[in-house]
Structures are given as structure tokens and as C-alpha cells.
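Colleague: this one's structure only:
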């Protein structure tokens, strides 16, 4: 009973803070409780189900017909009990503010049911002594119903009680989830990874070999940011337009048009799994730093970087490690060692969750990897869903062409750092040009 009351209280609080949840809760409540379930033949269950459906009908009117049907069954076996329960539930609805209140009202419901049951037994005992054989069967049936009610209320095992909202929802999710582990949707969690500063000599070499990348991308955006000079009635006087005055045209001034640079969020997913060799990780870190430095200098671009997997050696699993969160300033700290599996699909889902909260209209995910993901079907499904939701996904293979099987039209492979600028420019030029 506590779970019934607490579920309602928590859902009401969530709906008040996040109004979009209310419609989802209503849909789930109607789906789970709107139809009669098989197996609720025990008369005592009608009492617990009446409490459950009464509470649920406060949020969803469509539950009321089933509530009344169950309540009639309860009244047939336990006449007069509904009035007692409704009084407590009405007070609970008006004054329940926290978990402590839910516990108190659940105990009050329990005590009220037990007290009512004892009262009914005290009434039926004298009737049994005074009745004849014809009424013995009726009295025995009544006592059996009361015993069933007391057993249900005092049950120690939750398995003997009707399932709550959470249990029903968990079962529905379990039934709908794919049986094939390769196709299951799993989201990575945030872990830790040891980061280290790139050596000064390597930084100088990176900046020297990729200097043109930043300038070319910057020039691309700036060329689209400023529009050609347009004649008008305000701005800078243009002597070349003086002839218009002869025909009464006042548009002899010019000004440069201005278009906002594209609001674009870019998130780089850096593979640092165990398949990376030392040279491969060094190149991947260099590529990630070069791309980040080039993009962060462009107005309107919001950059984030995440490495995967993010667990330390003692903690295996689908984890990620944020290297640069959106809005932070880029540093030269990147993964020091490579280890672990390649949870690309789980990492993609994690990144999509983070980027959904960003205000930029355009969202780009760039994956830097040297091999295949742990689950190719799961990665393919993640890319498919990302594209449906408006994310643009691009890949850079580090001395390996496996990324081309996942992103055949939006990926490139590089073997050395000097190849980065032309490969990346071909990838990002179209991405940044569109809708600019």
C-alpha cells in the first residue's frame, strides 16, 4: 500500500516540475491499469486493487469504470469497507507532502482494514451460534473472505500481492526488449580515465602540420558570415550610386549585410580502446587536438570531446570519460594509455543524450577510431537513430578502414597527421556549409 501511495506522490511531483512527463504517465497508467488482469480472483485482491485504482483514477479518468467494477466486487465480499478506505484516501490526497506521510497513511489503511475485519468477525460469531445448518455455509464463506483479507494485508511476501506500477512497467519493458544482446539498447555511463598533457614537441609539430586546417575552416565560415554590400537608404554614402538621385531614388547608401554564423555543436568521440597501439593512440590524440583547436576558434561552434571506454583497469564495461565538456576551454590533456573494449554504440547514445540539451540547432558527432565496435548491429542502429533525430555523424579512421562499413559516405581514413587537414576539410566543409 505504501508503494501505491508513494508512486502517485512522486509522479505528481515529477509532473509539476517537468510538465511533459504528465502525458507520458497518463498513457502508461491507462495502458497498465485500464484493463482487467487475469489472476485477481482472490477476494482480498479486490480491496488492494480498489485502493490502487482509486489512486490512479485521480490522474486518469479512463480508469474510473474499472475502479467501480472492482469496488463492486469488494463491496460484495466486504460491505461497508469502501467508505472507510475512501475517507482515508481523500485525506491522503489533500495533505500528503512527503514519504513520511505516505508511510503514515499506508499504516492507517492497514489498521483500518484489520479493525474492520475484526469488527465483522465479532458480528458473525454470535450469528453462527444462533443460526441453523442452512446458514452455516454462508457464515463460513464470510469468515473465509475475512481470513483472506487479513492474510493479504499482513502478507510478508510481496509476491502474494498485486504488482505495483514499477513492477508492471518493468515486465512490459522486459517483454518488449530484444532478446539478442547484440541488438539491445544500452547507454554508457560516465567513468574515469587518466589524462596526460601532450608533449610540447608534439604540440608544436601538430600545430605546424595542421595550421592550414584552422585557417581554411575559419575562412569558410567568415566568407558565409558577411553578405555583399547592398544599396539602401541608410549606411555609407556611395558616389557610384549618385546617378539614382536624378530619378528620385534615395537608395544611394550601402552597408554590408550580416548573417549569423551557424550555431553548431560538435562532439568528438575518441576511441582509446585496447586495440589502439601506442603509435595509433598518439596519432588519435594528435588528430583530436588538431580538430578541436581548429573548431574551437570558429565563432558559433560549441565543442565537446569524450573518450571511450572511460573505465579504469579495475572497472570494465560500457563507460565514457569526458575530456572536454561543452563550453569549456580546450586543453592538451588526452588519454595516456589505451585499454578496454570498444563500446561505440553505448558511447553514441551517451553523447546524444548530452547534446540534446544544447541550444545549438545543428549537432555533429565526429568519431575517431581505429577498429570495429563491440557490436556492429548495435552501432548501426545507434547511427540510424542518430540520423533520424537530426544528428550528423562523421568518422575518421586511424590507420584502419573499419569505420567505412558504418559510415560509408561520411568517413575518411588517414595514416599520418599531414593527411588530416585535407581529409577533415572534405568531411566538415559540407557539414559547416549547409544551412549556414
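Modeller: Done, it's in. This one's a predicted model, so the numbers in the text were calculated from it and none came from an experiment. Residues are numbered from 1 along each chain as shown.
Colleague: residue 213: what's it in contact with?
Modeller: Contact analysis of residue 213 by Cβ atoms under 8 Å, 6 or more residues apart in numbering lists 290-291, 294, 420-421, 424-425. Any C-beta I mention is one placed from the backbone N, CA and C, and that applies to glycine too.
Colleague: helix/strand/coil for it?
Modeller: helix (DSSP: H, G, I helix; E, B strand; the rest coil).
Colleague: quick check: it vs residue 193, distance?
Modeller: Counting by Cβ to Cβ, to the nearest Å, the separation of residue 213 from residue 193 is 26 Å.
Colleague: also residue 27?
Modeller: In terms of Cβ to Cβ, residue 27 sits 40 Å off from residue 193.
Colleague: which helices and strands does the one helix or strand residue 334 maps to pack with?
Modeller: Using DSSP states H and E, the element containing residue 334 is strand 333-335. Contact analysis of strand 333-335 by 3 or more Cβ pairs under 8 Å, 6 or more residues apart in numbering; DSSP states H and E lists strand 195-197, helix 278-296, strand 319-324 as its packing neighbours.
Colleague: how far does that strand sit from the chain's center?
Modeller: Remark: strand 333-335 is offset 27 Å from the chain centroid, using Cα atoms, centre = their mean, to the nearest Å.
Colleague: next: stretch 93-113.
Modeller: 32 Å.
Colleague: gap between residue 67 and residue 49?
Modeller: 9 Å.
Colleague: who has more neighbours out of those two?
Modeller: Of the pair residue 67 and residue 49, residue 49 is the one with more neighbours under other Cβ atoms under 10 Å, namely 23 against 19.
Colleague: hmm, back to that, which one of the helices and strands packed on strand 333-335 lies nearest to residue 80?
Modeller: strand 319-324 (57.7 Å; Cβ to Cβ).
Colleague: so that closest one versus helix 278-296, what angle?
Modeller: Interaxial angle, strand 319-324 versus helix 278-296 (axes from the mean of the first three to the mean of the last three Cα atoms, to 10 degrees): 50 degrees.
Colleague: for strand 319-324, name the packing helices and strands.
Modeller: strand 189-190, strand 301-308, strand 333-335, helix 344-355.
Colleague: and with 6 Å instead?
Modeller: strand 301-308 (3 or more Cβ pairs under 6 Å, 6 or more residues apart in numbering; DSSP states H and E).
Colleague: before we move on, back to that, turn the contacts of residue 213 into TSV, columns for neighbour count and pLDDT.
Modeller: Formatted as TSV, those follow (neighbours: other Cβ atoms under 10 Å; pLDDT from 0 to 100):
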residue	neighbour count	pLDDT
290	22	90
291	27	88
294	25	86
420	22	84
421	22	79
424	24	77
425	18	74
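Colleague: which one of these is nearest residue 119?
Modeller: residue 291 (76.9 Å).
Colleague: give the buried residues for stretch 8-28.
Modeller: Using 16 or more other Cβ atoms under 10 Å as the test for burial, stretch 8-28 gives 8-9, 11-12, 15, 25-26, 28.
Colleague: wait, I meant stretch 90-98
Modeller: Buried residues in stretch 90-98, counted by 16+ other Cβ under 10 Å: 92-93, 96.
Colleague: one more: stretch 69-83?
Modeller: Applying 16+ other Cβ under 10 Å to stretch 69-83 flags 70-71, 73-74, 77-78, 81-82 as buried.
Colleague: residue 358: which of those residues is nearest?
Modeller: Here the nearest of the buried residues of stretch 69-83 to residue 358, counting by Cβ to Cβ, is residue 70; it sits at 47.2 Å.
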